[in-house]
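Enquirer: sequence unknown, structure follows:
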């Protein structure tokens, strides 16, 4: 299963944001990576550079590699509605992201691991495909045998994630996707229009 395995803080420093979750190393060194860091003279970025950086930011945020992200964009461009908004919606309804939004895992990488290790069910059936698209009305739950896992209980006890498009039932350790989130409900600071402009060239 393909996924990014490189350094996380280095990528987060490139964007100047904790896109992989809380990062103490980023707090200490909140400047671009490299030998000269913030002292390095950086000229004005080209339009292409800005667009490319935004696409990379979206990919790393959701943990999606290039080919998969391009396929999502192609699907979004064929759908009704604004392409950029639909693209983010497709990213948001991925199973690994829904597990993260529900608070079952503290990070998307953690949620991806829970899914691939068969700890998550959708409508009562085990699904181990992180890119599985959850539909409105689907019930995402922690597998019965996995409900006592420390990583899950610790994440849920410290979770403060509350989103209007998902509903969580603490008693059954399950949640459901109420609706597809609108753009103003998605908290990620991604400028999706730049991504659309990049792929439209």
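Expert: That came in fine, so what should we check first? This structure is a prediction, so every number in the text was calculated from the model and none was measured.
Enquirer: For the chain, just list every one of the strands.
Expert: 120-122, 125-126, 139-142, 166-169, 174-177 (DSSP state E).
Enquirer: got those as a markdown table, with mean pLDDT, distance to residue 107 and mean neighbour count columns?
Expert: (Each C-beta comes from the backbone N, C-alpha and C, glycine too.) What follows is the strands of the chain, written out as a markdown table (pLDDT from 0 to 100; distance: least, CB to CB, whole Å; neighbours: other CB atoms under 10 Å):
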| stretch | mean pLDDT | distance to residue 107 | mean neighbour count |
| --- | --- | --- | --- |
| strand 120-122 | 97 | 15 | 21 |
| strand 125-126 | 96 | 22 | 8 |
| strand 139-142 | 96 | 16 | 21 |
| strand 166-169 | 93 | 17 | 16 |
| strand 174-177 | 94 | 17 | 21 |
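Enquirer: Please dump those strands into JSON lines; it should also carry distance to residue 201 for every row.
Expert: Below are these laid out as JSON lines (distance: least, CB to CB, whole Å):
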{"stretch": "strand 120-122", "distance to residue 201": "37"}
{"stretch": "strand 125-126", "distance to residue 201": "41"}
{"stretch": "strand 139-142", "distance to residue 201": "37"}
{"stretch": "strand 166-169", "distance to residue 201": "35"}
{"stretch": "strand 174-177", "distance to residue 201": "34"}
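Enquirer: and residue 110, which of these is closest to it?
Expert: Across the strands of the chain, residue 110 has its closest neighbour in strand 120-122 (11.7 Å, CB to CB).
Enquirer: quick one: contacts of the closest one?
Expert: 95, 99, 104, 114, 126-128, 132, 134, 138-143 (CB atoms under 8 Å, 6 or more residues apart in numbering).
Enquirer: 7 Å instead?
Expert: Strand 120-122 has contacts (CB atoms under 7 Å, 6 or more residues apart in numbering) with 95, 99, 114, 127, 132, 134, 138, 140, 141, 142, 143.
Enquirer: Check the gap between the fourth one and residue 121 for me.
Expert: Spelled out, it's residue 127. Distance of residue 127 to residue 121, computed by CB to CB, to the nearest Å: 7 Å.
Enquirer: Would you mind listing the buried residues in stretch 175-192?
Expert: For stretch 175-192, the buried set under the neighbour-count rule, 16 or more other CB atoms under 10 Å, comprises 175, 176, 177, 180, 181, 186, 190, 192.
Enquirer: ok, the first one to residue 154 distance?
Expert: Going back to what we said before, that points to residue 175. 17 Å.
Enquirer: The second one too?
Expert: Taking CB to CB as the criterion, residue 176 is separated from residue 154 by 23 Å.
Enquirer: Likewise for the last one?
Expert: With the distance defined as CB to CB, residue 192 ends up 33 Å from residue 154.
Enquirer: Okay, and which of the contacts of strand 120-122 map to helices?
Expert: Counting by DSSP state H, the contacts of strand 120-122 place 95, 99, 114 in helices.
Enquirer: quick one: which of the residues you listed has the most company?
Expert: Counting neighbours by other CB atoms under 10 Å, residue 99 comes out on top of the ones in helices among the contacts of strand 120-122 with 28 neighbours.
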